[in-house]
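Novice: Provided below for reference: sequence and predicted model.
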Amino acid sequence: MPTLTIDGIEVTVEPGTTVMQACEQIGIEIPRFCYHDRLEVAGNCRMCLVEMERSPKPIASCAMPAADGQVITTNSPQVKKDRHGVMEFLLINHPLDCPICDQGGECDLQDQAMAYGDDRSRYSEHKRAVTDKNLGPLISTHMTRCIHCTRCVRFITDVAGVAELGAMGRGEHTEIGTFVEQALTSELSGNIIDVCPVGALNSKPYAYSARSWELEHTESVDVHDAVGSNIRVDARGNEVKRVLPRLHEDINEEWISDKTRFANDGLRLGRLDTPYVRGKDGKLAPANWDDALDVVADRLKAAGGDKIAAIAGDMACAESMMVLKDLFDGLGSPNIDCRQDGAALGDGARAGYLFNTTIAGIEEAEVCLLVGTNPRWEAPLINARLRKRYLQGGFKVYSVGPELDLTFPVENLGAGPETLAAMADHKAAKELAKASKGMIIVGQGALARSDGAAVLAAARTIAEDWGWVSDDWNGFNVLHTAAARVAGLDLGLTPGKGGRDVAGIKAGAASGDIEVVYLLGADEIDRGDLGDAFVIYQGHHGDAGAQGADVILPGAAYTEKDATWVNTEGRVQLGRRAVFPSGEAREDWAIVRALSGVMGTPLPYDNLDALRARMEKAAPHFADVDAVPNAKWGAFGKAGKMDKAAFQSPIDDFYMTDAICRASETMAKCSLEILGSGEQATGTDG
């Protein structure tokens, strides 16, 4: 390993380490603009110049590999003069609009100009002006501020895999743009706001609505998909102003999807903020909590155990589902389900519904088979991790289902179950089977069907027959789209003995066998499917679930409660309250707990700690926060005949997948401007 001397300190580093990284290992700060840990080295800002012995001129430390015997100086008078000079050139054309710049307080250029810049400029000519570019409804541009670091270009091209940004022109006429005037089509485009070191790229929905120092920061977890991206919720007063990524190497690294970042305006629109009860005239009228809970309690007690049912929605937290299950168990009802889409999951071993390879484990895989899934829309961060693995080389991806554009090459083997059943005889089987660390990813498009259990069993057989399940590697993966799904399955929100699943509940409601249906944030259920049943809806938005409900109980959104979520890997994570619920809305677990008291059968916990102790008793792994317990392999799925119908992704509009997104004006603009006809945006082939 190379050993070099930096400012008189001898340091030994791993081969391939750059001089800048070597400096950071011993605590020496090197200023930079173009360099980013997760992007290819560009070496074009020159802010990281240092002196190297026997070099006739200063070197860019970000692009210089550390070598044995190097002698580096980072604090000499010449280095300081070089940094002053580079900063002076960067500021020659930069507008002096710091007081009104939306990046103020979070600007790398502002900070480094204070640390390494001069107190005056020698430039007296007219500054260059650059026309702002239209990058779509999410990103606002102030291109006169751009210093051509190309971080945005490298992110969009390398990480997002959609080569829609680039440098045009030469010299003083260089500009960053989209070549043709169009919106960026990547589901990760908002991350270029974070990587931009100046105020050239900003959030269009957030712009000029708050200053960074006015905001309260709360660490939480995203619930728009099942990845469980770590986020920071920034709020002013009781309004969420923006959502930013939080570093978690094993899940989302430091990126988030555009839906996670920009759908937050939906948190203040279309909200339910007071209870409603449908009167004798057939109209919903505002009510107080006592009256609403009395109506619900009377209906549940009058109907009895076999004639009541509950469905938990895709954004329900673990606490609320635990309380709901305990309530219905106490009422003697086995009719409960957390699988709104009817996915054939939860019967058998826990490994049968988890992403067992883990998200970080994708980087160790040798080959991947996708079954009935489009990860680019269902889990953009997992798709980005697959692309990252593809760029490392020696990784092939195959799919069974619709033709996909995932920003990296995918070989389609067939459209549906017939291909899956005959996989052993397929021409690609030999290459797939020889991989010792292969992975299969089964999506909800393959499982939320009448033959879902048979498809699950077939996928399990492939993983076992090809040796992808062993003591040190589990290549069987289920990719969920619902943030609540894994926690619901862990806590047993599936039909009990003789109980009805979602399809059975609908059929029972239509026939009159089910008289009362309790929807816990279940917004994907069509009221028309529930016949004349009395419907209780508990949730935070006046979305599909609330339409036609007989009683509405206003709950809290994910930013308004301390809650537990379990991602598609089975990793338990804690979300924290950033703001308080709207109006008279309450935390979901507290509503159900209060209902149990009104019914005369109060549940045995009065606070969050006691409730979480109950959850840990039901599923012990809830005690291990931010850990992925090894799920024991066992039987799951049910072998049988599979339909001939082709697999389809459950998502046909990336920007309109849940109640918060459907309430968001920003997501509506994205759906219209980016998707247009509703077809998936195209990308590059790697």
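Specialist: Right, received. Where do you want to start?
Novice: go ahead and confirm residue 201 touches residue 141.
Specialist: Yes: under the criterion of C-beta atoms under 8 Å, residue 201 makes contact with residue 141 at 6.2 Å. Bear in mind the C-beta positions are built from the backbone N, C-alpha and C, glycine included.
Novice: which of these two has more neighbours?
Specialist: residue 201 (28 against 21; other C-beta atoms under 10 Å).
Novice: neighbours around the closest residue to residue 225 other than its chain neighbours, how many?
Specialist: Nearest non-adjacent residue to residue 225, counting by C-beta to C-beta, 6 or more residues apart in numbering: residue 379, 5.4 Å away. Residue crowding around residue 379 was assessed by other C-beta under 10 Å; the count is 28.
Novice: run the chain-centre distance for stretch 348-365.
Specialist: 17 Å (C-alpha atoms, centre = their mean, to the nearest Å).
Novice: show me the shaky parts of this protein.
Specialist: Applying pLDDT under 70 to the chain picks out residues 677-686.
Novice: go ahead and flag the most central residue of it.
Specialist: For the chain, the residue nearest the mean C-alpha position is residue 229 (4.5 Å; C-alpha atoms, centre = their mean).
Novice: could you pull up phi and psi at it?
Specialist: phi -60, psi 140 (degrees, to the nearest 10).
Novice: distance check, it against residue 196.
Specialist: 20 Å (C-beta to C-beta, to the nearest Å).
Novice: same thing with residue 132?
Specialist: To residue 196, residue 132 is 14 Å away according to C-beta to C-beta.
Novice: which of the two has more neighbours?
Specialist: Using other C-beta under 10 Å as the criterion, residue 132 and residue 196 rank with residue 196 on top: 26 against 12.
Novice: so residue 458 makes contact with residue 419?
Specialist: No: look at residue 458 against residue 419 with C-beta under 8 Å: they stay out of range, at 10.3 Å.
Novice: tell me, what's touching these two both at once?
Specialist: The contact sets of residue 458 and residue 419 do not overlap (C-beta atoms under 8 Å, 6 or more residues apart in numbering).
Novice: pick out whichever of those two has more residues nearby.
Specialist: Shown here are residue 458 and residue 419; by other C-beta under 10 Å, residue 458 has more neighbours (22 against 18).
Novice: so the residue nearest to residue 225 sits against residue 568, correct?
Specialist: Yes: using C-beta under 8 Å, residue 379 is in contact with residue 568, at 7.3 Å.
Novice: between those two, what contacts are shared?
Specialist: When contacts are counted by C-beta under 8 Å, 6+ apart, residue 379 and residue 568 have 226-227, 479 as shared neighbours.
Novice: just the buried residues of the residues you listed.
Specialist: Buried members of the shared contacts of residue 379 and residue 568, counted by 16 or more other C-beta atoms under 10 Å: 226-227, 479.
Novice: show me those residues that map onto strands.
Specialist: Those of these mapping onto strands are residue 479, per DSSP state E.
Novice: closest one of the buried ones among the shared contacts of residue 379 and residue 568 to residue 441?
Specialist: For those, the closest approach to residue 441 (C-beta to C-beta) belongs to residue 479, at 5.2 Å.
Novice: count of neighbours near residue 531?
Specialist: Look at residue 531: counted by other C-beta under 10 Å, it has 18 neighbours.
Novice: scratch that, residue 609
Specialist: Neighbourhood size, residue 609 [other C-beta under 10 Å]: 9.
Novice: same check, this time on residue 131
Specialist: 10.
Novice: which residue sits closest to it, ignoring its sequence neighbours?
Specialist: Nearest non-adjacent residue to residue 131, counting by C-beta to C-beta, 6+ apart: residue 143, 6.8 Å away.
Novice: residue contacts, the one you found?
Specialist: Contact partners of residue 143, counting by C-beta under 8 Å, 6+ apart, are 130-133, 175-177, 200.
Novice: reformat those residues as TSV; add secondary structure and distance to residue 506.
Specialist: Below are those laid out as TSV (DSSP: H, G, I helix; E, B strand; the rest coil; distance: C-beta to C-beta, whole Å):
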residue	secondary structure	distance to residue 506
130	coil	57
131	coil	55
132	coil	51
133	coil	49
175	strand	56
176	strand	52
177	strand	51
200	coil	52
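Novice: those residues: which two are farthest apart?
Specialist: Counting by C-beta to C-beta, the most remote pair of those is 131 and 200, 12.6 Å apart.
Novice: I figured residue 512 hits residue 531, correct?
Specialist: Yes: contact criterion C-beta under 8 Å: residue 512 and residue 531 qualify, at 7.0 Å.
Novice: ranges for the strands of the stretch 301-450 of the chain?
Specialist: Secondary structure of the stretch 301-450 of the chain by DSSP state E, counting those that start in this stretch: the strands cover 308-312, 336-337, 367-371, 396-400, 411-414, 438-443.
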